[in-house]
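Asker: kindly return the folded structure for what I paste below:
(2 chains)
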Amino acid sequence: MTLLNTPTLDPKAAIRAARWKEFRSFSRRFLRNPLGVVGLVIVIVLIFVAAFAPWIATHDPYLPTLTARLAAPSAEWWFGADELGRDIFSRLVHGSRLTLLIVALVIVTSAPVGLIIGAVAGTRGGWIDAIFMRVTDVFLAIPKLLLALAFVAALGPGIVNAALAITLTAWPPYARLARAEALTVRNSDYVNAVRLAGASEFRIIFFHVIPMCLSSVIVRMTFDMAGIILTAAGLGFIGLGAQPPLPEWGAMISTGRKFIFDQWWVATVPGIAIFTVSLGFNLLGDALRDLLDPHLRQRN
Amino acid sequence: MTRPLRLLADIATWLITVAITLVGLAALTFFIGRVVPIDPVLAIVGEKASQSVYDRVYLELGLDKPLIVQFWDYLAKLLSGDFGTSYSTSRPVLQDLLDYFPATLELSTLGLVIGVALGVPMGVISAYYHEKWPDHLVRIIGLIGYSVPIFWLALVGLFVFYRQLGWVSGPGQVDVFFTGIVTHVTGSILIDAAMQGQWEVFWNAISHMTLPAVLLGYYSLAYISRMTRSVMLDQLSREYVLTARLKGASEFTAVVRHALGNAAIPLVTVIALSYGGLLEGSVLVETIFSWPGIGNYIYSSLFAADMNAVLGGTLLVGIVFVLLNMLSDVLYAALDPRSRSLANK
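Answerer: Numbering: from 1, shown residues only, chains lettered A, B, ... in the order given. Prediction:
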């Protein structure tokens, strides 16, 4: 009787315990990589700043103070003030929300689209695979920034349109990844087993193939976030992203461009913010790849 | 199948792939130009146009026809070299592009040379000293290159090296004093100046070009050094390197001649791809340095709402991109006997 009551026989608890153990070993290995930790800290700080922007900002990001136009960094204006006398620090803090918004919009649209296309192509094979992959190749063959630029130029500038345009260029790598994973698992024993058990193709793709692709997709996503931030900033700089008076970092560099020789801080400070954040995502992506990539994982 | 026949079949497949990709590219620009704008006619004539003007442009664009026929007409026009007319310069877009393209090629080629000359040795060093400080240093330099917004780096570069230190000349192709001395022959200022014996202009152009070229070089270096590192890591662990060392070859011979020699083949692909990346990166860099290339052309057309010019530029860079990809495939096959032997099976 006592045996039956031992917690190890409860499958749910066992799964939970196994997951917890897996998570602990994962975080222990992650903490061994100092650069990865730096990346994680940067990303956490970014999310924190975005969440509490109104409390962290020292000024109203939209309120011009005419006497402080182009003021140099000081105790009152930590990173100086822009050409309308708006506090650059406060604008940076509020701009972090826009950066996260674009990244989130692009990721939640492009990753699932690519994942589904790739998983379907890889699992079904045949002419569906041929057509899907040819389309993917066409998108991969076109310069990303230019395609996004032309697309926003046609749609009209704005933050959502910029995110849409970046999505258009961001999904193909996910499709490639998912297809490669799907090809390796589609004839594996467990997929054949569920197929024999009468599972529909839909069920196989969504419940048995796509979960296998997730770890490589997460690694790819983290790297992609850095790229998305840079592309979004590039579009903002050209004037196709967020429109004034929104404190988007790329657009802030673009307005500071006129003053680069005399009031260097107006353009320089937002660039440092972009650089730090995209460096953070790159460092995190590097560390996650070392831990999650199934091909690298076997070696350790 | 006999060998020559097999080769012909391979070439045919390859040509069909290129053709399909190019048609796909045209379909994309067609989609962006005709389908995405809510009213493409309005985008051209503006809101104040009279009904008769509107109707004429509507017919000229062929919007009364089915979409597939419109696309067919569009393809036929592209094939005959008609990229439409630029509304801002009133010239055929293709002619504009051909005028501006050499300057872009010049700048990005220079960037590529810098990127390869520094990136490949850095990658080799990084792989050779795997997990030691030179490796970490190279990786950090690369990581910074991956994370920095290039247009911002360009602005900071201008501030530091032009304004503060005065080492290089500012934006533009040559000083105002030198403009118009060299006539436009090839479109590349260096080649034109050298051919016409204008050495002063030549050196002036060099000092204008240094900063943007170095920036583009750094941009491609990040990618090239990372890829060289991973290819070299793979090669250095192979047994032939051990064999070379065992038979008494010097470290230099083992690493550079044997390992790098074998790594060179995948690196060709990497370099071709980063050349494509540079053409794209030059869009942002050219706008900052007022470099009269295709990037600047696209940028100024954007503000004139000149979609023909924007799409033409996108199409041209896209075509070059596709051709570079395909060229790297061909080079791969030509350089690596192993990938060729697949065709003989």
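
Asker: could you use CA atoms for every contact and neighbour count after this?
Answerer: OK.

Asker: how about residue 168, what does it touch?
Answerer: Went with chain A since none was named. By CA atoms under 8 Å, 6 or more residues apart in numbering or on different chains, residue A:168 lies in contact with A:110, A:148.

Asker: my bad, chain B
Answerer: B:161-162, B:207-208, B:210-211.

Asker: since we're on residue 52, how many residues are nearby?
Answerer: I went with chain A, as the question did not name one. Residue A:52 is flanked by 13 other residues according to other CA atoms under 10 Å in any protein chain shown.

Asker: oops, wrong one, chain B.
Answerer: Residues near residue B:52, counting by other CA under 10 Å: 9.

Asker: same check on residue B:284?
Answerer: Neighbour count of residue B:284, defined by other CA under 10 Å: 23.

Asker: isn't residue A:106 right up against residue A:171?
Answerer: No: between residue A:106 and residue A:171 there is no contact under CA atoms under 8 Å: 9.1 Å.

Asker: still on that earlier bit, now the contacts of residue B:168 in TSV, with secondary structure?
Answerer: Listed next are the contacts of residue B:168 as TSV, based on DSSP: H, G, I helix; E, B strand; the rest coil:
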residue	secondary structure
B:161	helix
B:162	helix
B:207	helix
B:208	helix
B:210	helix
B:211	helix
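
Asker: so residue A:228 sits against residue A:101, correct?
Answerer: No: applying CA under 8 Å, one finds residue A:228 not in contact with residue A:101, separated by 11.1 Å.

Asker: neighbour count for these two, which is higher?
Answerer: Each of residue A:228 and residue A:101 has its neighbours counted (other CA under 10 Å); residue A:228 has more, 25 against 16.

Asker: contacting residues for the more buried one?
Answerer: Each residue near residue A:228 by CA under 8 Å, 6+ apart is listed here: A:102-103, A:106, A:166.

Asker: just the buried ones from those residues, in ChimeraX syntax?
Answerer: Buried residues within the contacts of residue A:228, by 16 or more other CA atoms under 10 Å in any protein chain shown, are selected in ChimeraX with:
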select /A:102,103,106,166
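
Asker: which one of the contacts of residue A:228 is nearest to residue B:175?
Answerer: When the contacts of residue A:228 are compared for distance to residue B:175 (CA to CA), residue A:166 wins out at 37.5 Å.

Asker: is the closest one located within a strand, as I assumed?
Answerer: No: counting by three-state DSSP, residue A:166 falls outside a strand, being helix.

Asker: quick one: contacts for it?
Answerer: A:106, A:144, A:148, A:228, A:231-232.

Asker: tell me which parts of the stretch 151-300 of chain A are close to chain B?
Answerer: A:151, A:153-155, A:226-227, A:230, A:233-234, A:238, A:253, A:257, A:260-261, A:264, A:267-268, A:271, A:274-276, A:278-279, A:282 (CA under 8 Å from any CA of the partner chain).

Asker: give the contact list for the closest residue to residue B:169 other than its chain neighbours.
Answerer: Leaving aside its sequence neighbours, residue B:169 sits nearest to residue B:208 (CA to CA, 6 or more residues apart in numbering or on different chains; 4.8 Å). Residue B:208 is in contact with B:168-174, counting by CA under 8 Å, 6+ apart.

Asker: and those, which is closest to chain A?
Answerer: residue B:170 (11.3 Å; CA to the nearest CA).

Asker: pLDDT wise, what is residue A:89 at?
Answerer: Looking at residue A:89, its pLDDT is 90.

Asker: what about it, which SS state?
Answerer: helix.

Asker: residues in contact with it?
Answerer: Contact analysis of residue A:89 by CA under 8 Å, 6+ apart lists A:57-58, A:77-80.

Asker: nearest to residue B:245, of the residues you listed?
Answerer: Nearest to residue B:245 out of the contacts of residue A:89 is residue A:79 (CA to CA; 56.7 Å).

Asker: shaky segments in the stretch 51-200 of chain A?
Answerer: Across the stretch 51-200 of chain A, not a single residue meets the criterion (pLDDT under 70).

Asker: do the stretch 151-300 of chain B as well
Answerer: Within the stretch 151-300 of chain B, no stretch has pLDDT under 70.

Asker: all strands of it, in order?
Answerer: With strands called from DSSP state E, counting those that start in this stretch, the stretch 151-300 of chain B shows none.

Asker: for it, which residues are neighbours of chain A?
Answerer: So the stretch 151-300 of chain B meets chain A at B:151-152, B:155-156, B:159, B:163, B:276-277, B:280, B:284, B:299 (CA under 8 Å from any CA).

Asker: select only the buried ones of the residues you listed in PyMOL?
Answerer: With 16+ other CA under 10 Å as the criterion, this PyMOL line picks the buried residues out of these:
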select buried, chain B and resi 151+152+155+156+159+163+276+277+280+284+299
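
Asker: rewinding a little: looking at the contacts of residue A:166, which are in helices?
Answerer: In helices, judged by DSSP state H, the following of the contacts of residue A:166 are found: A:106, A:144, A:148, A:228, A:231-232.

Asker: in those, find the pair that's most separated.
Answerer: Using CA to CA, those reach their maximum pairwise distance at A:106 and A:144, which is 13.7 Å.

Asker: now the end-to-end length of stretch A:51-71.
Answerer: In stretch A:51-71, first residue to last residue: 28 Å (CA to CA, to the nearest Å).
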